[in-house]
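*Asks:* have a look at this prediction, sequence included:
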Amino acid sequence: MNLALVSVHIKNSPRAIPLGPAMIASSLHKELGSCVTSEIINLYMNQSIENFLKIITSKPRDIVGFSMFVWNRNRILETIEKLKADHPEIIICLGGPEATASYDNLIDNPNIDFIVKGEGEKVFSNAVATIMESKSAENISTSPIVPNLEELPSPFLDGTIRPENYSGLLWELSRGCPFKCDFCFESRGTAGIRRFSFDRIKQELELFQEHGVEQIFVLDPTFNYNPKNAKKILQLIVEKQADIQFYFEVRSEFLDEELAELFSMISCSLQIGLQSSDPNVLKNINRKINQDDFQEKILLLHQNQVVYGFDLIYGLPTDTLERFKNSIDFALGMAPNHLDIFPLSVLPGTKLFDTASSFNMNYLHENPYTVISTPTFSETEMLEAKEIANACEQFYNNGKAVPWFSLVIETLAMKPSDFLIEFANWLSLDENISEDPFRQQLAFLKHIFEDKMQNSELGNIASDIAAYFCYTAMLMECSTGISTAINANCKYILNPDSCFVDFKYDPISLEEQIYSGITDIHDLPFVLEKMEYEVFFYINNSELDVKFFTTPQKDLLNSYKNGGNELPDIPEESEFLASCIDEQILLEK
């Protein structure tokens, strides 16, 4: 029997890993052996339905299974309608969170033969065995969970997923969630947490290292719920000296000094679901917060230089625009590496879906199920909140504003939310504003200091501070590598991991002042001198370096931006470029 197990990803990214279908394929191989041949197919939302069908039907298929999520539901339904019309003999199955949650209104779809609810490894294997025996998909039973995870083979260890074929991996250490958040589907229908064995985790980690995996996204909804177990896994990662970037979801209340220290010993980023800072709002979705404790626990991460970010949701029951703004101020006051803000979605299968009418919530009753308005959060206010969220994404997240944002806010004597509103309004007034987040930042900082303080000089300093940190982050995170330049079809080329940035003041002195603890931009004009040099940022042996050049020197270097085969005959220029070659500013093949 020939099967295709299909994942439709948002886009081709390090997170686009077909872990669910791979778990199914591993179980099929274990339970049914050579009787079944399964192929995992990765598709992406930017592909056409025709392309979907061409790939799926490139081989004969007896069964095609789709992993359905909120974001791909409509595309999958369109695909199976055409697939069934052209190939009525193919048995079509759905699985995944959205198929489970929307079982009742999907099961009557004539193009769907059966749906696997919940965890599908055992159920799907049994279903395929039944189909092989009876040639029918009728009367297939479903079961929500696999009680003993040790019965499930690892798709990494058995070769179903080959780590070297992906730029990142999803890593499942456990299943289930101990919390009952009303808006979340994670814990519905499960009882407690079931864990994969430590030995399996160790073997998988060793495999990831062997194949040079660069990024791992840990799927546990609360990695540190059991601090002892979390510490054991982190200690393993530390001991293995895994040169991998890890992403964890954690809860603040389970953090302690030892955990913070362990996180600091590996390359990682933590995501913390704050959702709201208002205890009364959180109470309506079966969550709670102690603001003092939350801040104390986040301070542990901050002191240990651990990268962390927060989630916020707007449109929660009884929330208001003002309370939402207060949540933004609370969150940004702790200097997260990023702040991700979403509208509330009333997802089928969640408790909130069952109770939404009691809150008189107006929301979309189809994908993406987002809230339109509530009695305390009008439709207009929801749109305002969306603009604030977009402003935060553009200015704070994309603009890498973490190191200096509080300094600017405090100097302007503004709340973070009010600053973001000003930025959103400014963007809406000028259609000619650059789409580059860094250029937007620099222009807006000059504007707001002039508008709020009538002081263009402070605006120039704020813009210089932002430029230094923004372009530093850009080069360090997006380095293309010197090998790219060395392989270029020319003898000399300007280091591709570089840029010239205009400054009014010496950026090195600016950095020193900030790290010395200065808290008010008003003080900087008295300790800084204006400069007349072009500033060159570049990556030199994986480290950021900064050089100062005159305009003629900048023009000479830029003449090699697209490559060149000769150095100039003028001795002064040739000598200058020779020194640039020594310092990896100009690269020689």
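*Replies:* Structure received.
*Asks:* so where's the protein uncertain?
*Replies:* Low-confidence regions of the chain, defined by pLDDT under 70, span residues 135-144, 186-191, 431-432, 478-488.
*Asks:* contact partners for the closest residue in space to residue 197 that isn't next to it in sequence?
*Replies:* Take residue 197 and drop its neighbours on the chain: the residue closest to it by C-beta to C-beta, 6 or more residues apart in numbering is residue 150, 6.1 Å away. Every residue, glycine included, has its C-beta placed from N, CA and C. Residues counted as contacts of residue 150 (C-beta atoms under 8 Å, 6 or more residues apart in numbering) are 196, 197, 200.
*Asks:* confirm residue 150 sits in a helix?
*Replies:* Yes - secondary structure of residue 150 (DSSP: H, G, I helix; E, B strand; the rest coil): part of a helix.
*Asks:* and the gap between it and residue 412?
*Replies:* Going from residue 150 to residue 412 by C-beta to C-beta, to the nearest Å gives 57 Å.
*Asks:* same check on residue 309?
*Replies:* Separation of residue 309 from residue 412 (C-beta to C-beta): 24 Å.
*Asks:* now swap in residue 531 and tell me
*Replies:* Residue 531 sits 25 Å away from residue 412, going by C-beta to C-beta.
*Asks:* give me the more crowded residue out of those two.
*Replies:* With neighbours defined as other C-beta atoms under 10 Å, residue 531 and residue 412 compare such that residue 412 has more, 20 against 15.
*Asks:* surely the more buried one touches residue 447?
*Replies:* No - with contact defined as C-beta atoms under 8 Å, residue 412 does not count as touching residue 447 (11.8 Å).
*Asks:* which elements pack onto the helix ranked longest in the chain?
*Replies:* The helix that spans the most residues within the chain, counting by DSSP state H, is helix 456-477. Here helix 456-477 touches helix 405-412, helix 437-453, strand 498-501, helix 507-515, strand 534-540, strand 543-549, going by 3 or more C-beta pairs under 8 Å, 6 or more residues apart in numbering; DSSP states H and E.
*Asks:* and the following helix or strand past the first one with helix 437-453, angle?
*Replies:* This points to helix 405-412. With elements assigned by DSSP states H and E, the helix or strand that comes after helix 405-412 is helix 416-429. With axes from the mean of the first three to the mean of the last three C-alpha atoms, to 10 degrees as the basis, helix 416-429 and helix 437-453 are set at 110 degrees to each other.
*Asks:* helix 416-429: how far from the chain's middle?
*Replies:* The chain centroid and the centroid of helix 416-429 are separated by 24 Å under C-alpha atoms, centre = their mean, to the nearest Å.
*Asks:* again with stretch 567-583
*Replies:* Remark: stretch 567-583 is offset 44 Å from the chain centroid, using C-alpha atoms, centre = their mean.
*Asks:* dump the C-alpha coordinates for it into PDB.
*Replies:* C-alpha atoms of stretch 567-583 as PDB (Å, rounded to 0.1, in the frame of the first residue of the first chain):
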ATOM      1  CA  LEU A 567      45.000  48.400  -7.200                       C
ATOM      2  CA  PRO A 568      45.400  52.100  -8.100                       C
ATOM      3  CA  ASP A 569      48.800  53.400  -9.300                       C
ATOM      4  CA  ILE A 570      48.700  56.300  -6.900                       C
ATOM      5  CA  PRO A 571      51.000  55.300  -4.100                       C
ATOM      6  CA  GLU A 572      48.900  56.900  -1.300                       C
ATOM      7  CA  GLU A 573      45.800  55.100  -2.400                       C
ATOM      8  CA  SER A 574      47.600  51.800  -3.000                       C
ATOM      9  CA  GLU A 575      49.200  51.900   0.400                       C
ATOM     10  CA  PHE A 576      45.800  52.600   2.000                       C
ATOM     11  CA  LEU A 577      44.100  49.700   0.200                       C
ATOM     12  CA  ALA A 578      47.000  47.400   1.200                       C
ATOM     13  CA  SER A 579      46.300  48.200   4.800                       C
ATOM     14  CA  CYS A 580      42.700  47.500   4.200                       C
ATOM     15  CA  ILE A 581      43.600  44.100   2.800                       C
ATOM     16  CA  ASP A 582      45.600  43.300   6.000                       C
ATOM     17  CA  GLU A 583      42.500  44.200   8.100                       C
END
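*Asks:* residues near residue 239, how many?
*Replies:* Here the number of neighbours of residue 239 (other C-beta under 10 Å) works out to 10.
*Asks:* next one: it from residue 172, what distance?
*Replies:* Per C-beta to C-beta, residue 239 is found 21 Å from residue 172.
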